[in-house]
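[1] Any chance you could fold what I've pasted below:
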Amino acid sequence: MPTSLLHPMANSAGRRNLRARLQAWLETWIPRRSRKHFYNFRTEPGFQANLMDVSRIRDVLAGAEMGNVRDLFSLYRDVLASDSHIQCEFAKRKLAVLGDSISVQPADKSRPDDVRAAGAIQDMVNYFQEDLVRACNHLLDSTLYPVALVEKVFKPSTRPGLRYELARLNPVPHLDLDYTTGFLMLWELDPRLGYVTGQREAPNPNRYMLHRGHLLQLADFWGGPFRCLLFWWLLSAMTRDWWSRFLDRYGAPFMVGKFNPADDETRASLTQAFQAATKIFGLVVSAETQVELLQAASQQNGEAFKAFKDVCDDEKSKVILGQVGSARPMHTGLNSGVSRQHESVRQDIRQYDQMLLGLTLGNQLFRQYLDINGIPGATPRIVWGGVSTEEQQALGTLLSSLAAAGLEPTDAGITTLSERIAFPLRRIAPKGPAG
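    Residues are numbered from 1 along each chain as shown. Have a look, this model is predicted:
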C-alpha cells in the first residue's frame with residue numbers, strides 16, 4: 001500500500017491541490033462565486049460627446065475597427081444620455097418586449113418530463129422575475145449595440161427539489177468588452193474596487209449569456225446598428241447649437257439710427273444713446289433723429305431648422321423602430337393605411353426581438369438550470385404576451401367562418417390558440433336535453 005495513503009498528513013498538500021482543482025472545475029460549470037463584474041463607474045471615461053466632430057468620430061470608429069471598442073461604447077453611452085429622441089425611441093423598442101408577460105410552455109405537452117421542465121422554469125421565472133427583467137433589459141441593448149452580455153451566478157438552493165438556484169443575473173457593462181485579439185474578450189476587474197486589472201479572459205458560456213439582437217452580419221467591432229446613428233446625432237446636435245447661436249445674435253430686434261452725414265454732433269449723441277440703451281432699456285435722442293427697430297427673419301429660419309431637425313430625427317427612428325409614425329404622426333388622409341402599415345412594421349420587429357430573446361434565455365439559461373438540477377425534459381418554449389387586437393379580431397372572424405363551414409379546431413389547435421391570445425381556452429360542454 002502506498003505510504004501516502006497510510007499517512008494522510010503526508011499527503012495533505014496533494015489533497016488541498018485536488019480539492020482546489022475540483023472546485024475550479026465545478027466553478028467553470030456552475031458559477032457560484034460572487035459576480036466578477038463588480039463595476040466601479042468612476043473608472044469610466046468622462047463625457048466626450050461635447051468634443052465630437054466628424055473627424056473625431058472617424059477616429060473613434062477607426063479605433064473600434066482595430067478592436068479597441070472602449071471609446072466607441074463610451075460615445076454610445078454619451079449619445080444615449082444626451083439625445084432625447086434616440087433615448088425615447090430605444091425605450092419604445094425595448095418596452096414592446098418587456099411590457100409583455102412571459103409564459104413558459106412545454107416543448108411537447110404529451111410528455112410528462114417536458115411538462116415538469118416547463119413548470120420548473122416557470123417557477124424560476126416567477127421567483128426571480130425582477131432580476132430577470134433587468135437582465136432582459138440589458139440583453140435588448142444588442143438591438144442597437146453589437147452584443148450584450150449578462151453574468152449568471154448560482155447558489156445552493158434551500159427549496160425542495162432543487163440543487164442550485166439563481167443568485168444573481170448581473171449585466172456586464174459594454175465598456176468591459178475588448179476585441180484587440182480579434183475575438184470577444186472581457187477585461188478582468190479588481191473584485192474589491194472594480195478597476196480594470198489589464199488582464200483579459202474569454203467569456204465562459206456557463207457564466208455568461210451572450211445576445212445579439214440585430215440582423216447585421218458584420219463583426220461586432222464595427223459597432224452594430226448604433227454606428228449609423230452617430231452622424232445623424234452629430235448633425236442634429238450641431239443644428240441645435242447653430243440655431244441657438246442664430247437666436248442669440250439675431251433673435252432680438254436690432255436698432256438702426258439715421259442722421260445727417262454732415263452733423264457729427266448728432267452722430268456722436270446717437271452712438272452714445274445706443275450704448276446706453278442696454279442699461280436703461282430706452283433711447284434718448286433729439287426730435288430730428290430717426291431710429292428704427294428691425295427684426296431678422298427668424299420665423300423663416302426657424303422653419304428651415306425644424307425641417308432639418310425632423311429629417312435627422314426621422315432617420316434615427318427608421319434605424320431603431322423601422323418607421324416614423326410613432327414619433328411624428330403624419331396626416332395622410334382618411335383610410336390611407338399608413339398607420340396600419342406602421343403598426344405592422346412594429347409588430348414584425350417586436351416578434352423578432354421576442355423570438356431571439358426567448359432563444360437566448362432558453363439555450364443559455366433555462367437549459368443550464370435544468371441540467372444543474374437534474375430535471376429531465378426538453379427545453380421549454382417561451383411565449384411573450386399575445387397577439388394584437390387586430391389579429392384577435394381577424395382570428396375570431398376566421399373561427400366563425402370555419403364554424404359556418406362545419407369545421408372546428410382540434411385539441412392541439414385549441415392549445416395553439418390559447419398560446420397566441422395569452423389566456424386558456426376550452427370547448428363548450430354540449431347542453432343536455434331540456435328537462
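
[2] Can you show me the helices along this protein?
    3-6, 12-29, 54-65, 70-82, 84-98, 112-127, 129-139, 230-250, 264-280, 298-321, 338-361, 367-372, 389-404, 411-421 (DSSP state H).

[3] Lowest average pLDDT across those helices?
    Set side by side, the helices of the chain differ in mean pLDDT, and helix 3-6 is lowest with a mean of 46.

[4] what about the strands in the stretch 151-300 of the chain?
    Secondary structure of the stretch 151-300 of the chain (DSSP state E, counting those that start in this stretch): strands located at 164-172, 177-178, 185-189, 196-201, 208-211, 254-258, 290-294.

[5] Which elements pack onto the fifth one?
    On a contact count with 3 or more CB pairs under 8 Å, 6 or more residues apart in numbering; DSSP states H and E, strand 208-211 meets helix 129-139, strand 148-156, helix 338-361. Where you see a C-beta, it was placed from the backbone N, CA and C, and this is true even at glycine.

[6] Of these, which is nearest Glu44?
    Proximity to Glu44 (CB to CB) singles out helix 129-139 among those, at 16.1 Å.

[7] who's in contact with the nearest residue to Ala107 once chain neighbours are set aside?
    Leaving aside its chain neighbours, Ala107 sits nearest to Ala378 (3.8 Å; criterion: CB to CB, 6 or more residues apart in numbering). Contacts were defined as CB atoms under 8 Å, 6 or more residues apart in numbering; by that measure Ala378 touches 106-108, 111, 113-114, 117.

[8] Phe90: which of these is nearest?
    Nearest to Phe90 among the contacts of Ala378 is Ala107, at 33.0 Å by CB to CB.

[9] roughly how far apart are that closest one and Phe128?
    Here the distance between Ala107 and Phe128 works out to 21 Å (CB to CB, to the nearest Å).

[10] What of Gly413?
    If you measure Gly413 against Phe128 using CB to CB, the figure is 33 Å.

[11] related to what we said a few turns ago, could I get the phi/psi values of the residue nearest to Ala107?
    Main-chain dihedrals, Ala378, degrees, to the nearest 10: phi -70, psi 160.

[12] isn't Pro45 right next to Leu75, touching?
    No - look at Pro45 against Leu75 with CB atoms under 8 Å: they stay out of range, at 9.1 Å.

[13] between these two, which one's more packed in?
    More crowded of Pro45 and Leu75, by other CB atoms under 10 Å: Leu75, with 24 against 13.

[14] contacting residues around the more buried one?
    Residues in contact with Leu75, defined by CB under 8 Å, 6+ apart, are 48-49, 52, 57, 60, 230.

[15] now, among those residues, which is nearest to Asp71?
    Val60 (4.9 Å).

[16] Please name the spatially closest residue to the closest one (chain neighbours excluded).
    In space, not counting the residues next to it along the chain, Val60 is nearest to Asp71; the distance is 4.9 Å by CB to CB, 6+ apart.

[17] now Thr180
    Gly67 is the one closest to Thr180 (CB to CB, 6+ apart), at 3.7 Å.

[18] go on, Leu370?
    Counting by CB to CB, 6+ apart, the nearest residue to Leu370 once its immediate chain neighbours are dropped is Ala117, at 5.6 Å.

[19] what's near enough to touch the nearest residue to Tyr369 once chain neighbours are set aside?
    By the measure of CB to CB, 6+ apart, the closest residue to Tyr369 outside its immediate chain neighbours is Met124, 6.2 Å from it. By CB under 8 Å, 6+ apart, the residues touching Met124 are 165-166, 366, 369.

[20] and what of Val324?
    Residues touching Val324, when contacts are defined by CB under 8 Å, 6+ apart, comprise 313-314, 317-318, 330, 342.

[21] for Phe47, same thing?
    For Phe47, the contacting residues are 78, 81, taking CB under 8 Å, 6+ apart as the criterion.

[22] what do you get if the cut-off is 6 Å, keeping everything else the same?
    Asp78 (CB atoms under 6 Å, 6 or more residues apart in numbering).

[23] How many residues are close by Gln122?
    16.

[24] And Gly182, by the same measure?
    For Gly182, the tally of surrounding residues (other CB under 10 Å) stands at 9.

[25] Could you do Val60 as well?
    Residues lying near Val60 (other CB under 10 Å) number 22.

[26] Pick the most deeply packed of the helices and strands packed on strand 208-211.
    Using mean count of other CB atoms under 10 Å, the stretch among the helices and strands packed on strand 208-211 with the greatest mean number of neighbours is strand 148-156 (a mean of 20).

[27] what angle sits between that strand and strand 164-172?
    Between the axis of strand 148-156 and that of strand 164-172 there is an angle of 150 degrees, by axes from the mean of the first three to the mean of the last three CA atoms, to 10 degrees.

[28] in its sheet, what does strand 148-156 sit against?
    strand 164-172 (antiparallel), strand 208-211 (antiparallel) (DSSP bridges).

[29] What average pLDDT does it get?
    Averaging pLDDT along strand 148-156 yields 92.

[30] what comes into contact with it?
    The set of residues external to strand 148-156 that reach it, using CB under 6 Å, 6+ apart, is 30-32, 35, 37, 135, 138-139, 141-142, 164, 167-172, 207-211.

[31] buried subset of those residues?
    For these, a neighbour count by 16 or more other CB atoms under 10 Å gives the buried set as 30-31, 35, 37, 135, 138-139, 141-142, 164, 167-172, 207-211.

[32] Thank you, goodbye.
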